[in-house]
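Q: Structure for this input, please:
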Amino acid sequence: MPNSQRPAYTFRPMTGADLESAHALSVQLKWPHRLEDWAMLQRVSQGFVAQDDGRLIGTAFTCAQGDYATIGLVIVSDQYQGQGIGRRLMELAIEACGSKIPMLNATLAGAPLYASQGFVDFGHIQQHQGQVRVPTAPALPADERCRELTNADRSQQIELANAGSGLDRHTVLNDLFDSTEHAVGIERDGQLRAFALLRAFGRGRYIGPVVAENPQQAKHLIAVLLARAPDAFLRMDIPSDCGLGPWLEEAGLKHVDTVAQMARGTPPQAIGGVQQFALVTQAIG
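A: I've put the predicted structure just below:
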């Protein structure tokens, strides 16, 4: 349809009143997100919607995280594909980044749009999910111990999450802590050196973020959390080069999809000898 003949769609900021319609849109596209998952993202992000005569037909979110802003849940109803709606939603999401560097995780279908808007690949994320087969937790060195975390450990978890991701996780994690079912960490010399969270998400449970100094610590934390949810359907999103893929496959979490990490500027870098072994979510990074 020529541009001059296209209907005039409405684009505006998302509100809490839009969440049920946004969730219904994702259900139509067979995305696994629960209404609660949408609500969490809406609390920590700035959302945008596209409407056709009052009907919600598209969404996008921008989540400010320090010098960066992650863009996620860019969705357009199948009936409205190819009409420039996704591009306009992306423009609004990028505008909301302000001076922050935009970044996102791009599906195969979405990558060409993002590339046309100046985004460049800097890595890949693997989606792993399935019915859990609890593995034996790899042994830790004698000077390290794994323990359940409490509210008193939250500030150290945020510090580790910031260092491992290169993002400012204060807002995201302070919201996430309230829905966390189990939090475990590895301590050495009286300091928290690694941690991982387990919570409800999508079709079952989700482990993330996982921040650690090395794959051995990450595997230990994940194995402990898998034991908290035996036989559950569980999902994780991990950097493809983190070394956990084959081990997760053995634990029943099959590699089902890969998305491209993209940024419009210099991507974030981990510091302090830790790295992120699993994301908060694909939408948040």
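
Q: who does the strand or helix carrying Ile94 touch, helix- and strand-wise?
A: Following DSSP states H and E, one finds Ile94 within helix 85-97. Where contact means 3 or more Cβ pairs under 8 Å, 6 or more residues apart in numbering; DSSP states H and E, helix 85-97 is packed against strand 10-13, strand 46-52, strand 55-65, strand 68-76, helix 111-116. For glycine as for every other residue, the C-beta is placed from the backbone atoms N, C-alpha and C.

Q: List the buried residues in the fourth one.
A: For strand 68-76, the neighbour count (16 or more other Cβ atoms under 10 Å) marks 68-76 as buried.

Q: then it to PDB, C-alphas only?
A: What follows is strand 68-76, C-alpha atoms only, in PDB (Å, rounded to 0.1, in the frame of the first residue of the first chain):
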ATOM      1  CA  TYR A  68      23.200   2.300  28.100                       C
ATOM      2  CA  ALA A  69      19.500   1.600  27.400                       C
ATOM      3  CA  THR A  70      18.200  -1.800  26.300                       C
ATOM      4  CA  ILE A  71      15.300  -2.000  23.900                       C
ATOM      5  CA  GLY A  72      13.000  -4.900  24.000                       C
ATOM      6  CA  LEU A  73       9.600  -6.500  23.300                       C
ATOM      7  CA  VAL A  74       9.300  -4.700  19.900                       C
ATOM      8  CA  ILE A  75       6.200  -6.500  18.600                       C
ATOM      9  CA  VAL A  76       3.800  -5.800  15.800                       C
END
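
Q: heads up, I number from 43, so please use that
A: Okay, using 43 as the starting number, the last item reads as strand 110-118.

Q: how about the strands in the stretch 143-292 of the chain?
A: 143-148, 162-173, 186-190, 222-230, 233-243, 246-254, 275-281 (DSSP state E, counting those that start in this stretch).

Q: so for the helix holding Ile136, what's the average pLDDT?
A: The average pLDDT within helix 127-139 is 96.

Q: And the contacts of stretch 137-144?
A: 88, 90, 104, 106, 108-113, 135-136, 161, 305-309 (Cβ atoms under 8 Å, 6 or more residues apart in numbering).

Q: can you check stretch 114-123 too?
A: The contact list for stretch 114-123, computed with Cβ under 8 Å, 6+ apart, reads 64, 67-68, 70-71, 73, 75, 80, 83, 87, 92, 94, 99-103, 105, 127-128, 131-132, 135, 146-147, 152, 323-327.

Q: Among the residues you listed, filter down to the buried ones and hand me the PyMOL syntax, if you would.
A: Selecting only the buried entries of the contacts of stretch 114-123 in PyMOL, with 16+ other Cβ under 10 Å as the criterion:
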select buried, resi 64+67+68+75+80+83+87+92+94+99+100+101+102+103+105+127+128+131+132+135+146+147+152+323+324+325+326+327
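
Q: from what I can see Leu67 touches Thr101, true?
A: Yes: between Leu67 and Thr101 there is a contact under Cβ atoms under 8 Å: 6.8 Å.

Q: Throw the strands of the stretch 143-292 of the chain into a markdown table and include mean pLDDT, thanks.
A: Below are the strands of the stretch 143-292 of the chain laid out as a markdown table (pLDDT from 0 to 100):
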| stretch | mean pLDDT |
| --- | --- |
| strand 143-148 | 97 |
| strand 162-173 | 96 |
| strand 186-190 | 98 |
| strand 222-230 | 98 |
| strand 233-243 | 97 |
| strand 246-254 | 97 |
| strand 275-281 | 97 |
